[in-house]
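In: sequence isn't available, so here's the structure alone:
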Ligand SMILES: [Zn+2]
């Protein structure tokens, strides 16, 4: 048996709602509300950045279907579709997953936040940092040596490892 609790949920089979070769949807073993579904890659990946884009795409589609299924079968007025990506974000299991959480009015779940105030300088600095990073991959792709590109990707992954629960 696997040490990972999400891998265990998949091996157990009893809570599986949907599965194919890449994606598995199970009823959560720690539900926020009745019908709470976890949609995750079958392969063990700790955080979102490690999951291949093709699998992320499928997970998005299956999460949407899981939400629709909940609306059609339970008396809902909403769903929250939440990714806790990294320990600081409240990720508990070391296996990436999307939470699809059924909601009804006044169900008492607290998933909201108060917005914070930032200065115009802080906001424009954040914007320029993001835009600079977005432009950088093009610059990296122009590097002729493939090894150099791989190195920079490795550095990125090493930075991300600190976030893994
Ligand atoms: Zn796992």
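Out: Yep, that arrived. Keep in mind it's a predicted model, so treat the numbers as computed, not measured.
In: residue 38: which element?
Out: Taking DSSP states H and E as the criterion, residue 38 maps to strand 37-41.
In: and after that strand, which helix or strand comes next?
Out: helix 53-73.
In: start to end distance for stretch 99-114?
Out: 22 Å (CA to CA, to the nearest Å).
In: then stretch 36-50?
Out: 24 Å.
In: all strands of this protein, in order?
Out: Secondary structure of the chain (DSSP state E): strands at 16-19, 23-27, 37-41, 78-82, 98-103.
In: so what does the fourth one touch, helix or strand wise?
Out: Spelled out, it's strand 78-82. Packed against strand 78-82, as judged by 3 or more CB pairs under 8 Å, 6 or more residues apart in numbering; DSSP states H and E, are the following elements: helix 53-73, strand 98-103. All C-beta atoms are positioned from the backbone trio N, CA, C, and that covers glycine.
In: direction included, what does it pair up with?
Out: Partners of strand 78-82 in the sheet, by DSSP bridges, are strand 98-103 (antiparallel).
In: what about the residue lying closest to residue 118 once chain neighbours are set aside, distance to residue 48?
Out: Using CB to CB, 6 or more residues apart in numbering and skipping the chain neighbours, the partner closest in space to residue 118 is residue 126 (7.9 Å). Distance of residue 126 to residue 48, computed by CB to CB, to the nearest Å: 21 Å.
In: who has more neighbours out of the two?
Out: residue 48 (19 against 11; other CB atoms under 10 Å).
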